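[1] got a predicted model here, sequence first, then my questions.
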Amino acid sequence: MRYAQLVMGPAGCGKSTYCSTMQKHATDTQRVINIVNLDPAAEVFDYQPLVDIRDLINVEDTMEDEELHFGPNGGLVFCLEYLIKNSDWLKDQLCGGSDEDIEGEPDDDYIIFDMPGQIELYTHLSVGRDLVQLLQSWNFQFMIDGAKFISGTMAALSVMVNVELPHVNILSKMDLLSKGARKQLDRYLEPDPMALLSEVNTESAWGRKHQKLSEAIGNLIDSFSLVRFIPLDISDEESVNEVLMIVDNVIQYGEDFDVKTHDFETPDPDDEEI
Ligand SMILES: Nc1nc2c(ncn2[C@@H]2O[C@H](COP(=O)(O)OP(=O)(O)OP(=O)(O)O)[C@@H](O)[C@H]2O)c(=O)[nH]1
Ligand SMILES: [Mg+2]
C-alpha cells in the first residue's frame, strides 16, 4: 500500500516542522516515513526530502523569466500547474518510474507532502484536486491537515469539499503555551460551535446583523463534526505519537501491522530524541 499525508496550513504555522518531527518520530519507532517538498518557494526545512519540487522548478525562475514575469503568488500557482503537467517527473521520483513498481510493490510507502501555505491552491483552484487525483491514481491513500479555528474550519470544509478527502485538524506549537493557557484549551479542542459563535454574535454589529448566518455556520460545522482539533506538542514524544496514531487511523495505515514490525532490527539506543 501507499499512504500519504498532505500537510496544508497557513504560512509559518509549522507544516515543515510537523513533517520533520513525524519523520524523526517514525525513525525512532522503527518506521520509515519519507517527505516530499512541494513548496517551490521553500527556503529552509529541517529534513532530507525524498523528492523536491525545486529540482523541477523554482518560484524564482518564474519571477525572473523575461516572458513569465510572475509575482510570488502567481509564480507559485504556475509551479504547481507545471508539476501537474510534468507528472511523469513526479511519478519517476516517487515510484522509480516503472508501472510494475506501482502495481506490484510489496513494501508500504508512507509519504508526507509538505505543501505551500496558500489556501486558495486547495479551495478554489484545481491544482490541489489535480494533485490529489494524480497521487490517488498512483494508489496513494490520504489525509489532510487543515487550518485554524472557526475561519480555519470553514477553510478546511472548503478544502474538503474541493478535494474530497478525510482530514485531521492539528493545533500546532502547543509547547509555546503556558500551563494556565493549556488548561483553557479544552473548550477549543472539542468546542461547541454554537456557544463559540454566540459569543461572537453579541459583541459586534456585524455579529448581530449576521446572526442567522452564524447560526447556519454553527449548524454546518456541528453536523459535519468538523471542529475537532488535535493538539501537537513536538517536544512531547507522547503527543507526537498520538497525532501520528490518529492520522494513521484515518488513512488506515497499520491494519496488518504486526507483520511489518519484524522487518526492522532492534532500535539503536543512541538514537536521538526529538
Ligand atoms: N516552539 C515551536 N515552534 C515551532 C513549532 N512548529 C514550528 N515552529 C517554528 O515556527 C516557524 C515556522 O515553522 P515552519 O515549520 O517552517 O512552518 P511552515 O508552515 O512550514 O512555514 P511556511 O512553509 O513558510 O508556510 C519556525 O521558526 C519553527 O521553528 C512548534 O511546534 N513549536
Ligand atoms: Mg514550510
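    Sure, I can see it. From a predicted model like this one, the values you see are computed outputs, not experimental measurements. Residues are numbered from 1 along each chain as shown. Ligands and ions are numbered 1, 2, ... in the order given.

[2] count the neighbours of Ser235 for me.
    12 (other Cβ atoms under 10 Å). Yep, even glycine has a C-beta here, placed from its N, CA and C like the rest.

[3] count the neighbours of the nearest residue to Gly254 once chain neighbours are set aside for me.
    Leaving out its chain neighbours, the residue that sits closest to Gly254 by Cβ to Cβ, 6 or more residues apart in numbering is Asp248, at 5.3 Å. Number of residues near Asp248 (other Cβ under 10 Å) recorded here: 18.

[4] residues in contact with the helix or strand hosting Asp248?
    If you go by DSSP states H and E, Asp248 is part of helix 237-250. By Cβ atoms under 8 Å, 6 or more residues apart in numbering, the residues outside helix 237-250 that reach it are 3, 5, 21-22, 25-26, 28-29, 143, 166-168, 170, 174, 230-234, 254, 273-274.

[5] mind listing the strands for the stretch 1-150 of the chain?
    2-7, 34-37, 51-52, 109-114, 140-141, 144-145 (DSSP state E, counting those that start in this stretch).

[6] which one of those strands lies closest to ligand 2?
    Smallest distance to ligand 2 across the strands of the stretch 1-150 of the chain (Cβ to the ion): 5.8 Å, for strand 109-114.

[7] sorry, back to before: list buried residues within the contacts of helix 237-250.
    3, 5, 21-22, 25-26, 28, 143, 167-168, 170, 174, 230-234, 254 (16 or more other Cβ atoms under 10 Å).

[8] ok, and of those, which contact ligand 1?
    Taking Cβ under 6 Å from any ligand atom as the test, ligand 1 is in contact with Ile234 out of the buried ones among the contacts of helix 237-250.

[9] low-scoring stretches of the chain, by residue?
    Counting by pLDDT under 70, the chain contains low-confidence ranges at 97-107, 124, 141-164, 181, 183-207, 224-228, 256-274.

[10] interface residues of it facing ligand 2?
    Counting by Cβ under 5 Å from the ion, the positions of the chain adjacent to ligand 2 are 15-16.

[11] any idea how far Glu120 lies from ligand 2?
    From Glu120 across to ligand 2, the span is 17 Å (Cβ to the ion, to the nearest Å).

[12] tell me the contacts of that residue?
    Glu120 neighbours (Cβ under 8 Å, 6+ apart): none.

[13] how far away is it from Leu131?
    14 Å (Cβ to Cβ, to the nearest Å).

[14] equivalent analysis for Glu215, please.
    For Glu215, the distance to Leu131 (Cβ to Cβ) stands at 35 Å.

[15] more neighbours: which of these two?
    A count of neighbours by other Cβ under 10 Å puts Leu131 above the other of Glu215 and Leu131, at 23 against 15.

[16] no further questions, thank you.
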